[in-house]
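J.: next comes the sequence, and after it the predicted model I'd like to discuss.
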Amino acid sequence: EADIYQTPRYLVIGTGKKITLECSQTMGHDKMYWYQQDPGMELHLIHYSYGVNSTEKGDLSSESTVSRIRTEHFPLTLESARPSHTSQYLCASSETGYEQYFGPGTRLTVT
Amino acid sequence: ILNVEQSPQSLHVQEGDSTNFTCSFPSSNFYALHWYRWETAKSPEALFVMTLNGDEKKKGRISATLNTKEGYSYLYIKGSQPEDSATYLCAFDVTSYDKVIFGPGTSLSVIP
């Protein structure tokens, strides 16, 4: 079973607040990913990392930012949350890029 | 813009029925095709990754085939069980392991 964790699982927050979604994995994987999924829609890659101090933007433009200071930790930050940020955010990691292990996701609602 | 399509969008079958879904992807610049199962309130779980035209993979009652020349993959479930109820995602990998493009998924409900 994959060891990848996301907190919080659910978050309801007001517009303008700064939020950080946490993602941690204990498998020592270099590659990590953030996906965003709106209801009924595809998973879209918003950020990825090949290792410490490496971050890249994905195919879907996002106002969020990420950091990778430690191998196991890949947090996602929204400086000023807006209702348009309401979505599900999934974190994943991979050793080779071939098979991705997903966390349980964070359901974010911005009111 | 690369697009991955899946059909049907949703499916309801009786327990014991066999079923299959389709994933369509661009046939150019193919690198790998992934299938994931995503049960409600759980994390997506990798089922198969296929790289070669004609690949067939099997895991228990679930199997998948791949046709890279025409750009499609089929997922088959034999003798569906209620625990097979989930959303099945396919994902197309166009570069060397770095990024995948997901389809919208097929939602399967198996009725006891």
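T.: Great, that's in hand.
J.: need the residues of chain B near chain A, please.
T.: Contacts of chain B with chain A, taken as C-beta under 8 Å from any C-beta of the partner chain, map to B:4, B:32, B:34, B:36, B:41-46, B:49, B:89, B:91, B:96-105. The C-beta positions use only the backbone N, C-alpha and C, and glycine is treated the same way.
J.: these, buried ones only, as a ChimeraX selection?
T.: Selection command for ChimeraX covering only the buried members of the residues of chain B next to chain A, criterion 16 or more other C-beta atoms under 10 Å in any protein chain shown:
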select /B:4,32,34,36,43,44,45,46,49,89,91,97,98,99,100,101,102,103,104,105
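J.: so B:Glu83 sits in a strand?
T.: No. Assigned with DSSP: H, G, I helix; E, B strand; the rest coil, B:Glu83 falls outside any strand and is helix.
J.: now the nearest residue to it once chain neighbours are set aside. Its backbone dihedrals?
T.: With sequence-adjacent residues excluded and distances taken as C-beta to C-beta, 6 or more residues apart in numbering or on different chains, B:Glu83 is closest to B:Val110, at 7.8 Å. Phi and psi for B:Val110, reported as degrees, to the nearest 10, are phi -110, psi 120.
J.: what sits against B:Val110?
T.: B:Val13, B:Gln14, B:Glu15, B:Asp17, B:Ser80, B:Gln81, B:Pro82, B:Glu83, B:Asp84, B:Ser85 (C-beta atoms under 8 Å, 6 or more residues apart in numbering or on different chains).
J.: close to chain B: what parts of chain A are there?
T.: Residues of chain A lying near chain B (C-beta under 8 Å from any C-beta): A:2, A:4, A:31, A:35, A:40-45, A:48, A:50, A:58-59, A:90, A:94, A:96-105.
J.: low-confidence ranges, the chain, go.
T.: Defaulting to chain A. A:1-2 (pLDDT under 70).
J.: not quite, I wanted chain B
T.: The model of chain B has pLDDT under 70 over residues B:1, B:95-98.
J.: out of the contacts of B:Val110, which end up buried?
T.: Buried residues within these, counting neighbours by 16+ other C-beta under 10 Å: B:Val13, B:Ser80, B:Asp84, B:Ser85.
J.: ok, the last one touching B:Leu108?
T.: Yes. Applying C-beta atoms under 8 Å, one finds B:Ser85 in contact with B:Leu108, separated by 5.9 Å.
J.: what ranges does chain B have for its strands?
T.: B:5-7, B:10-14, B:19-24, B:32-38, B:45-50, B:56-59, B:62-67, B:72-77, B:86-93, B:100-102, B:106-111 (DSSP state E).
J.: now those strands as a markdown table including distance to A:Arg9?
T.: Listed next are the strands of chain B as a markdown table, based on distance: least, C-beta to C-beta, whole Å:
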| stretch | distance to A:Arg9 |
| --- | --- |
| strand B:5-7 | 27 |
| strand B:10-14 | 25 |
| strand B:19-24 | 29 |
| strand B:32-38 | 16 |
| strand B:45-50 | 18 |
| strand B:56-59 | 28 |
| strand B:62-67 | 28 |
| strand B:72-77 | 28 |
| strand B:86-93 | 18 |
| strand B:100-102 | 21 |
| strand B:106-111 | 21 |
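J.: wait, which of the ones you listed is closest to A:Thr77?
T.: When these are compared by C-beta to C-beta, strand B:100-102 sits nearest A:Thr77, at 23.5 Å.
J.: counting by contacts, list what that closest one packs against.
T.: Identification of packing neighbours for strand B:100-102 by 3 or more C-beta pairs under 8 Å, 6 or more residues apart in numbering or on different chains; DSSP states H and E yields strand A:43-51, strand B:86-93.
J.: thank you kindly, that will do.
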